[in-house]
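Q: take a look and give me a structure for this.
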Amino acid sequence: MPGHRNEDSRLFNVELSPESATGTWKTWNLLAWWMSGWHSLGGYTMAIGLFALGLTGWQMIVAFALGIVILYFANNLSGVAGQRAKVPFPVFARASFGVTGANIPAILRAIVAIAWYGIQTYLASAAVMLLVLKLAPSSEAMTLNSFLGLSTLGWICFLGLSAAQLVVLSRGMEAVRKLSDFAGPAIWIAMIALAVWILMRAGWTVDFNYRAVEGNSGVIAMLSAMFIVVAYFAGPSLNFADFTRNAPTEEMVRRGNAWGLLLNATAFGAISIVIALASVKVYGEAIHDPIVLLKDIDSITILLLSIIAIGVATAGINIILNFVAPVYDIINVWPRQFTFRKAGVLVAVLSIVITPWNLFSNPILVNQFIGGVGALMGPLFGVIMADYYIVQRSSIDTDALFDDSPSGKYYYSNGYNMKAVYALIVSGLITIGMSIVPAFSSAAAFAWPVGVAVSVVVYLQLCKNDSRATQPAADV
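A: Below is the predicted model of the structure:
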């Protein structure tokens with residue numbers, strides 16, 4: 001690997017540098033990344049949680065698909081930018097927030113990712129625990145006690161899965177790519193098998209006009225559902241550069257997004273909703289947790305294969321969406337103190353400390369948390385994308401991203417671009433208020449688009465006289 005001009009800088013870490021980009025993440029790998037990202041217990045729960053808005057089955061499918069279209073364009077913006085710069089998200093953010101100010105979006109993204117990492121590990125460990133109980137019924141005795149809300153067997157499965165994920169991450173991004181290539185398609189097999197099984201029990205009929213609760217199922221409710229879908233991927237959309245930096249060409253990023261979002265993610269949302277509608281005919285209500293469905297499968301062979309597929313796939317999404325991001329974020333904050341492996345250990349420990357099983361209780365809570373994610377991630381996305389594509393006209397000096405001298409291009413004021421910070425504060429106060437103030441609860445789902453729009457407008461107003469634009473903007 002060639003040397004870097006600023007490798008003696010306190011900001012430099014070889015794992016953050018453009019030289020570390022592998023060039024191995026092609027269209028198929030990005031498609032598999034999206035499959036791993038969507039095909040999870042959390043993704044299923046989010047999709048079925050849209051019933052709480054009073055929507056019918058067909059309205060949910062339409063709203064889900066429209067949300068995917070928005071994500072497609074958003075990830076073309078962030079993904080292509082990452083491919084061009086060939087640096088991870090927190091380093092890319094140095095151009096807009098400053099070489100020190102980039103720690104603000106890095107820390108915010110890390111908090112969100114660690115919370116989701118813990119939740120997804122817990123969900124996957126629940127599938128592993130079911131597998132253990134089927135293979136060793138006597139182990140049920142270890143489920144009768146509780147420590148911090150989790151049984152002995154639950155702790156064993158949770159800690160074991162957490163350790164296994166850490167082993168994969170410690171082998172680097174190529175190991176992550178290979179896991180994603182396997183985990184993405186694996187869950188499709190499990191989901192299709194589960195759909196066929198539940199549809200057989202439902203007599204191959206579902207009622208697309210079913211709604212779980214009576215309420216406003218008009219345009220506002222569908223727009224709310226659409227932006228809940230967007231907010232579900234608000235965090236990964238922000239740090240998509242962590243992966244697309246390894247793509248050989250921009251076109252591969254766009255093709256991977258088209259196949260992975262417009263086709264794959266839309267199909268996943270549709271099949272999840274069909275499974276839930278079929279479960280209404282079988283159980284009298286929409287089942288929000290697929291693990292409940294798995295418990296009713298009579299065939300031990302099918303059950304074991306389904307649990308293994310779901311466990312592996314959930315571990316896959318956890319690593320690519322919730323483990324890699326905070327690892328890079330932590331390295332960015334302390335470049336000289338942390339390696340990829342050390343940062344991974346810290347993330348694993350923090351995900352245990354937050355006891356994620358106490359965060360994850362019902363679909364409404366999950367969707368409220370997703371709304372909170374959108375409240376933080378939307379303003380960050382708006383500032384960073386507006387800075388790159390409009391203010392800097394798609395041109396970044398990657399060497400200067402590691403320059404910590406006061407004369408450095410991205411040093412700004414003591415390492416902070418206060419225009420970006422002010423735009424984040426203004427838009428963030430608005431969107432956080434939308435998410436946590438009870439009087440605005442009906443608007444919480446719109447926190448992400450409002451955050452993006454307000455941050456872009458405020459930031460561009462502050463940058464009216466900015467002279468950083470160096471060349472015409474590139475097409476995306």
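
Q: only C-alpha atoms from now on, for both contacts and neighbour counts.
A: OK.

Q: ramachandran coordinates for Leu144?
A: Backbone torsions of Leu144, given as degrees, to the nearest 10, read phi -90, psi -20.

Q: tell me the predicted confidence for it.
A: Here, the pLDDT recorded for Leu144 equals 89.

Q: low pLDDT regions in the chain?
A: 1-6, 215-217, 291, 298-303, 305, 361-374, 467-476 (pLDDT under 70).

Q: tell me the residue in it that is farthest from the middle.
A: When distances are taken from the C-alpha mean of the chain, Ser138 lies farthest, 37.1 Å away, according to C-alpha atoms, centre = their mean.

Q: and it, how far is that from Leu153?
A: 11 Å (C-alpha to C-alpha, to the nearest Å).

Q: same check on Ser20?
A: Going from Ser20 to Leu153 by C-alpha to C-alpha gives 40 Å.

Q: in terms of neighbours, single out the busier of these two.
A: Neighbour comparison, Ser20 and Leu153: the larger count goes to Leu153, with 23 against 16 (by other C-alpha atoms under 10 Å).

Q: with adjacent residues omitted, what lies nearest to the more buried one?
A: Using C-alpha to C-alpha, 6 or more residues apart in numbering and skipping residues adjacent in sequence, the residue nearest Leu153 is Met142, 5.2 Å away.

Q: chain neighbours aside, what residue packs nearest to Pro290?
A: Nearest to Pro290 is Leu41, by C-alpha to C-alpha, 6+ apart, at 7.1 Å.

Q: neighbours around the one you found, how many?
A: 22.

Q: and for Ala113?
A: Ala113 has 25 nearby residues by other C-alpha under 10 Å.

Q: now the most centrally placed residue in the chain: which helix or strand?
A: For the chain, Pro236 is the residue whose C-alpha lies nearest the centre (C-alpha atoms, centre = their mean; 3.7 Å). Per DSSP states H and E: Pro236 is located in helix 234-238.

Q: Phe340 against Arg171, yeah?
A: No - at 9.1 Å, Phe340 and Arg171 do not qualify as touching, with contact defined as C-alpha atoms under 8 Å.

Q: higher neighbour count, these two?
A: Using other C-alpha under 10 Å as the criterion, Phe340 and Arg171 rank with Phe340 on top: 20 against 12.

Q: excluding its backbone neighbours, what's nearest that one?
A: Nearest one to Phe340, counting by C-alpha to C-alpha, 6+ apart, is Val327 at 6.4 Å.

Q: contacting residues for the nearest residue to Glu285 once chain neighbours are set aside?
A: Closest residue to Glu285 apart from its sequence neighbours, by C-alpha to C-alpha, 6+ apart: Ser279 at 6.6 Å. By C-alpha atoms under 8 Å, 6 or more residues apart in numbering, Ser279 lies in contact with 198, 202, 285-287.

Q: between those residues, which is nearest Gly54?
A: Ala286 (12.8 Å; C-alpha to C-alpha).

Q: quick one: that closest one is in a strand?
A: No - applying DSSP: H, G, I helix; E, B strand; the rest coil, one finds Ala286 to be coil, outside a strand.

Q: burial measure for it, as a count.
A: 21.

Q: which residues touch it?
A: 48, 212, 276-280 are the contacts of Ala286 under C-alpha under 8 Å, 6+ apart.

Q: give me the helices and strands touching the longest helix along the chain, please.
A: Longest helix in the chain by number of residues, with DSSP state H as the criterion: helix 103-135. Secondary-structure packing of helix 103-135 (3 or more C-alpha pairs under 8 Å, 6 or more residues apart in numbering; DSSP states H and E): helix 41-49, helix 89-92, helix 152-170, helix 234-238, helix 300-317, helix 324-333, helix 340-353, helix 363-386.

Q: thought Val280 was touching Ile287?
A: Yes - between Val280 and Ile287 there is a contact at 7.3 Å, judged by C-alpha under 8 Å.

Q: thinking again about what came up before, my guess is the residue nearest to Phe340 contacts Val347. True?
A: Yes - between Val327 and Val347 a contact is recorded at 7.0 Å, counting by C-alpha under 8 Å.

Q: would you check how far apart Val213 and Gly49 are?
A: For Val213, the distance to Gly49 equals 11 Å [C-alpha to C-alpha].

Q: for these two, indicate the residue with more neighbours.
A: Taking neighbours as other C-alpha under 10 Å, Val213 and Gly49 compare with Gly49 leading, 24 against 13.

Q: ok, residues contacting the host helix or strand of Val457?
A: In this assignment (DSSP H and E), Val457 forms part of helix 447-462. Here helix 447-462 makes contact (C-alpha under 8 Å, 6+ apart) with 227, 230-231, 234, 371-372, 374-383, 386, 391, 419-420, 422-424, 426-428, 430-432, 434-435.

Q: I'd like the distance from that helix to the chain centre, please.
A: 21 Å (C-alpha atoms, centre = their mean, to the nearest Å).

Q: what do you get for stretch 226-240?
A: On C-alpha atoms, centre = their mean, the centre of stretch 226-240 falls 6 Å from the chain's centre.

Q: do me a favour and get the end-to-end distance for it?
A: End-to-end distance of stretch 226-240 (C-alpha to C-alpha): 20 Å.

Q: contacts for that stretch, please.
A: Here stretch 226-240 has contacts from 46-47, 63-68, 70-71, 74-75, 78-79, 82, 88-90, 109, 112-113, 321, 325, 367, 370-371, 373-374, 377-378, 380-381, 445-446, 448-449, using C-alpha under 8 Å, 6+ apart.

Q: related to what we said a few turns ago, what's the most distant pair in the contacts of Ala286?
A: Top of the distance list for the contacts of Ala286 (C-alpha to C-alpha): Ala212 and Ala278, 13.0 Å.

Q: so between those two, which is more surrounded?
A: Ala278 (29 against 18).

Q: that one sits in which helix or strand?
A: helix 266-283.

Q: quick one: buried residues of that helix?
A: Of the residues in helix 266-283, 266-282 count as buried by neighbour count, 16 or more other C-alpha atoms under 10 Å.

Q: and the next element down the chain from that helix?
A: Heading C-terminal from helix 266-283, the first helix or strand you meet, by DSSP H and E, is helix 290-294.

Q: name the residues that touch that next one?
A: Identification of contacts with helix 290-294 by C-alpha under 8 Å, 6+ apart yields 41, 44, 126-127, 287, 303, 306-307.

Q: same thing with stretch 60-77?
A: Defining contact as C-alpha under 8 Å, 6+ apart, one finds that stretch 60-77 is touched by 47, 50-51, 222-223, 225-230, 233, 237, 240, 253-254, 257-258, 261-262, 265-266, 269-270, 273, 385, 476.

Q: what about burial for these, which qualify?
A: 47, 50-51, 222-223, 225-230, 233, 237, 240, 253-254, 257-258, 261-262, 265-266, 269-270, 273, 385.

Q: out of the contacts of helix 290-294, which one sits closest to Ser441?
A: For these, the nearest to Ser441 is Tyr44 (23.2 Å; C-alpha to C-alpha).

Q: and the spatially closest residue to Ala115 that is not a sequence neighbour, how far from Ser40?
A: Of all residues beyond its chain neighbours, the one nearest Ala115 is Ser351 (6.5 Å), with distances taken as C-alpha to C-alpha, 6+ apart. Ser351 is 18 Å from Ser40, where distance means C-alpha to C-alpha.

Q: neighbour count: the two, which is higher?
A: Neighbour tally, Ser351 and Ser40, criterion other C-alpha under 10 Å: the higher count belongs to Ser40, 29 against 22.
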